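> What follows is a predicted protein model with its sequence.
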Amino acid sequence: MKKTLTLAIAVLAILFGLYGLAGNLASDKTQVTKEAEKPVEPRIVIWRLNQPVKSSQIVERKHFSVSKLPEGEANSLGVLVDVELNFDKGAVYQADLSAESVFFKESIINPSDDGYVDLTIADNRVPYAIKVTPESVVGGVITHGSMIDILSLSLPSTYSLEASETSSSRKRNMFVTPVLMNVKVLKVDKKAIIGTRNQADTTEVSLILELTRKQVATLTVAKRISEIEVHKSIGEYKKSDLHADAGDVLNNFKSVVEYRAEKVTIN
């Protein structure tokens, strides 16, 4: 009898244990199901600066690192959608930024934006616009930040070198000389000009230069008395290297006539 009672108690204990285990398994399964049904929080792409930068500093892609944050965390930083790192060549930062700062498109200013010249021009310098031929900037030969030389062509291109038109005084004035050297281009402005029935469409190109007040005065005079040529500066060289006259092109061309006593000396 005792033995039978002990056996019955053991069986009941086993049954209760199995019941409890089954309950736990069912609970775990329900929890796993609920977790599986819970939506995964979207992640948003952000860009951060990996180094401090200064106002007006040129923007470079190497300044940034990319990461993905949970939507809630990104939203708390002011980012609502994936950030795309797009900027034009020559773009600069609008303000000083520390490392780990989140990138926003408002953080930079592109050369085509208003206020770009004011942000990039050096102290005690004046922005000065000068028109150039479209060929000067084709293929990016001259662009934002380029250094250029400005040359003065004394003989207008409408003149020819025919004998009937080359008087002594005109010959003496045929020369090219440097006006300004190693001048910085702040901005390149291009404007499309719609042509007429008898004239094709053209492009008007202006360079915004960074000049001192003295350079502004010099260039203003040069534009009034001669034609202006613009060339990309190629480094250090003598000013005399940019000077030429008709005698450098035509070996038999005598450019200066001097009268000394009763003799004529031709140089």
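The structure has been received and is ready for your questions. Here the structure is a predicted model, which means the values were calculated and not measured.

> which residues of the protein fall in helices?
Secondary structure of the chain (DSSP state H): helices at 2-37, 71-76, 116-120, 168-172, 213-225, 246-249.

> what mean pLDDT would you report for the fourth one?
The one in question is helix 168-172. For helix 168-172, mean pLDDT is 50.

> before we move on, back to that, can you tell me which of the helices of the chain has the worst average pLDDT?
Among the helices of the chain, helix 168-172 carries the lowest mean pLDDT, a mean of 50.

> lowest-pLDDT helix or strand in this protein?
Lowest by mean pLDDT, DSSP states H and E among the helices and strands of the chain is strand 263-266, with a mean of 39.

> Tell me who's in contact with Glu106.
Gln94 (CB atoms under 8 Å, 6 or more residues apart in numbering). (C-beta placed from N, C-alpha, C; glycine too.)

> For Ile44, which non-adjacent residue is spatially closest?
Sequence neighbours aside, Ala74 is the residue nearest to Ile44 in space, at 3.9 Å (criterion: CB to CB, 6 or more residues apart in numbering).

> again but with Leu97, I slipped
Sequence neighbours aside, Val53 is the residue nearest to Leu97 in space, at 5.2 Å (criterion: CB to CB, 6+ apart).

> how close does the nearest residue to Gln94 once chain neighbours are set aside sit to Gly90?
With sequence-adjacent residues excluded and distances taken as CB to CB, 6+ apart, Gln94 is closest to Ile109, at 5.3 Å. To Gly90, Ile109 is 10 Å away according to CB to CB, to the nearest Å.

> likewise Gly115?
Counting by CB to CB, the gap from Gly115 to Gly90 is 14 Å.

> If you count surrounding residues, which of these two has more?
More crowded of Gly115 and Gly90, by other CB atoms under 10 Å: Gly90, with 21 against 9.

> so what's that one closest to, chain neighbours aside?
Closest residue to Gly90 apart from its sequence neighbours, by CB to CB, 6+ apart: His144 at 3.4 Å.

> hang on, isn't the one you found packed against Leu186?
Yes - when contacts are counted by CB atoms under 8 Å, His144 is listed as touching Leu186 (7.0 Å).

> and Leu209, bridged to which residues?
Beta bridges link Leu209 to Tyr128, Val185, judged by DSSP bridges.

> separation between it and Thr218?
12 Å.

> which one of the two has more residues nearby?
Leu209 (24 against 16).

> Arg61: neighbour count?
Arg61 has 8 nearby residues by other CB under 10 Å.

> residue ranges with poor pLDDT in this protein?
Within the chain, the stretches with pLDDT under 70 are 1-38, 138-140, 155-173, 236-267.

> which outside residues touch stretch 135-144?
By CB under 8 Å, 6+ apart, stretch 135-144 touches 89-90, 111, 132, 148, 185-188, 190, 205, 207, 230-232.

> For those residues, pick the one with the most neighbours.
Using other CB under 10 Å as the neighbour criterion, Leu186 leads the contacts of stretch 135-144 with 26 neighbours.

> Let me see the contact set for the closest residue in space to it that isn't next to it in sequence.
In space, and not counting its chain neighbours, Leu186 is closest to Ile208: 4.6 Å by CB to CB, 6+ apart. Applying CB under 8 Å, 6+ apart to Ile208 gives the contacts Val117, Pro127, Tyr128, Ala129, Val185, Leu186, Lys187, Val188, Asp189.

> residue ranges of the strands in the stretch 51-200 of the chain, please?
64-70, 92-93, 108-109, 126-132, 147-153, 175-193 (DSSP state E, counting those that start in this stretch).
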